[in-house]
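Undergrad: give the three-dimensional model of this entry:
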Amino acid sequence: MPRNLTIIPTYNEKENILAMIEKVQSLAVETDILIVDDGSPDGTADIVKEKQTSTPSLHIIERSGKLGLGSAYLAGFQFAIDHDYDTLVQMDADFSHNPEVIETFLKEIETNDLVIGSRYINGINVVNWPLRRLMLSYFASKYIQFITRMPINDGTAGFKCWRVSFLKQLKLNKVRSNGYSFQVEMHFRAWRKAPNRIKEVPIIFEDRTIGQSKMSKAIVREAIWRVWWLRLMALLGKI
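TA: All right, here's what the predicted structure looks like:
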């Protein structure tokens with residue numbers, strides 16, 4: 001049977017993490033879980049380590065501080081490669097990503113290299129976001145499409161499934177983005193490598209009800225200029 005790893009980065013997610021782990025464990029598909037915790041001062045890592053005593057399929061990487069979303073996922077990707085997983089899912093800890101979609105991902109990844117959970121493939125499927133943030137996200141995806149020419153409707157999507165053998169081909173040591181633009185860069189690298197092996201599936205994104213958003217102005221600024229860098233690197237033949 002193919003082995004899947006579900007990677008969940010965390011920073012101050014003590015209210016959500018135990019329920020998320022248990023929900024993923026309850027699915028009809030088998031998946032190991034890797035928590036990548038950025039030194040959460042609220043004790044998120046301690047909760048995970050306590051759960052590990054009764055859950056052999058649960059793993060954790062503890063990092064020294066808040067080092068960024070992109071580097072957290074890269075650490076998770078390397079863990080998946082080093083431990084010979086076949087596929088991996090990346091998702092948030094706050095239940096904005098419905099764990100039940102993992103079952104759909106693992107079915108679709110059988111014939112694809114990347115499956116993206118898209119908020120914008122069938123209209124706008126976002127619940128409980130303020131209108132300003134919703135418009136920012138939606139038009140950011142259109143901006144990304146226009147600049148990069150990627151035919152991906154949700155360029156900043158963070159809920160997705162990868163074939164690990166495909167990830168190995170994407171020169172992960174060359175990835176430079178770290179905030180939400182990390183998602184854009186990974187999509188771009190995947191599209192440049194295998195444009196016909198990417199599939200978007202519709203999801204409903206529901207804003208967190210517990211904890212605080214990690215979005216910041218710096219993250220938005222990075223995403224704005226990073227797409228131009230990606231376009232330039234593609235023109236120079238470096239991606």
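Undergrad: surely Leu67 and Ile61 touch.
TA: No - contact criterion CB atoms under 8 Å: Leu67 and Ile61 do not qualify, at 10.9 Å. Any C-beta I mention is one placed from the backbone N, CA and C, and that applies to glycine too.
Undergrad: report the secondary structure state of Gly39.
TA: coil (DSSP: H, G, I helix; E, B strand; the rest coil).
Undergrad: can you count the residues close to it?
TA: Using other CB atoms under 10 Å, Gly39 is surrounded by 15 other residues.
Undergrad: that one contacts Glu62, doesn't it?
TA: Yes - Gly39 is in contact with Glu62 according to CB under 8 Å; the separation is 7.2 Å.
Undergrad: residues shared between the contacts of those two?
TA: Residues touching both Gly39 and Glu62 (CB atoms under 8 Å, 6 or more residues apart in numbering) are Ala45.
Undergrad: quick one, phi/psi of the spatially most central residue of the chain?
TA: Centroid-nearest residue in the chain, with CA atoms, centre = their mean: Gly158, separated by 3.5 Å. Per-residue torsions, Gly158: phi -110, psi 0 (degrees, to the nearest 10).
Undergrad: residues contacting the closest residue to it other than its chain neighbours?
TA: Once flanking residues are discounted, Gly158 sits nearest to Gln183: 5.4 Å by CB to CB, 6 or more residues apart in numbering. Applying CB under 8 Å, 6+ apart, we find Gln183 in contact with 155-158.
Undergrad: 10 Å instead, please
TA: Contacts for Gln183 (CB atoms under 10 Å, 6 or more residues apart in numbering) come out as 69-70, 73, 90, 116, 144, 154-160, 177, 223.
Undergrad: which one of the residues you listed is nearest Pro99?
TA: Nearest to Pro99 among the contacts of Gln183 is Phe159, at 9.7 Å by CB to CB.
Undergrad: per-residue confidence at that closest one?
TA: On the pLDDT scale, Phe159 is placed at 98.
Undergrad: thinking it is in contact with Phe95, fair?
TA: No - if you go by CB atoms under 10 Å, Phe159 and Phe95 don't touch, sitting 11.2 Å apart.
Undergrad: of the two, which one has the most company?
TA: Higher neighbour count among Phe159 and Phe95: Phe159, with 25 against 18, using other CB under 10 Å.
Undergrad: roughly how far does that one sit from Thr104?
TA: Per CB to CB, to the nearest Å, Phe159 is found 11 Å from Thr104.
Undergrad: where along this protein do the strands fall?
TA: For the chain, the strands defined by DSSP state E occupy 4-10, 32-37, 58-62, 87-90, 114-118, 126-127, 160-163, 198-202, 205-206.
Undergrad: one step back: wait, what's in contact with the residue nearest to the centre of the chain?
TA: 9, 69, 73, 90-92, 96-97, 116-117, 180, 182-183, 186, 205.
Undergrad: so where's the protein uncertain?
TA: For the chain, residues meeting the criterion pLDDT under 70 lie at 208-220, 223.
Undergrad: hey, where'd the helices end up in the protein?
TA: Taking DSSP state H as the test, the helices found in the chain are 17-25, 44-52, 69-82, 101-108, 131-148, 164-167, 181-193, 217-235.
Undergrad: CA atoms only for the last one, dumped as CSV, please.
TA: It refers to helix 217-235. C-alpha atoms of helix 217-235 as CSV (Å, rounded to 0.1, in the frame of the first residue of the first chain):
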residue,chain,number,x,y,z
LYS,A,217,1.5,42.8,5.6
ALA,A,218,5.0,41.5,5.1
ILE,A,219,3.7,38.2,3.8
VAL,A,220,1.4,40.0,1.4
ARG,A,221,4.3,42.2,0.1
GLU,A,222,6.5,39.1,-0.5
ALA,A,223,3.8,37.5,-2.5
ILE,A,224,3.3,40.6,-4.7
TRP,A,225,6.9,40.8,-5.8
ARG,A,226,7.8,37.1,-5.8
VAL,A,227,5.6,36.4,-8.8
TRP,A,228,7.7,38.8,-10.9
TRP,A,229,10.9,37.0,-9.7
LEU,A,230,9.3,33.7,-10.8
ARG,A,231,8.5,35.0,-14.2
LEU,A,232,12.1,36.3,-14.6
MET,A,233,13.6,33.1,-13.5
ALA,A,234,11.5,31.2,-16.0
LEU,A,235,12.5,33.6,-18.8
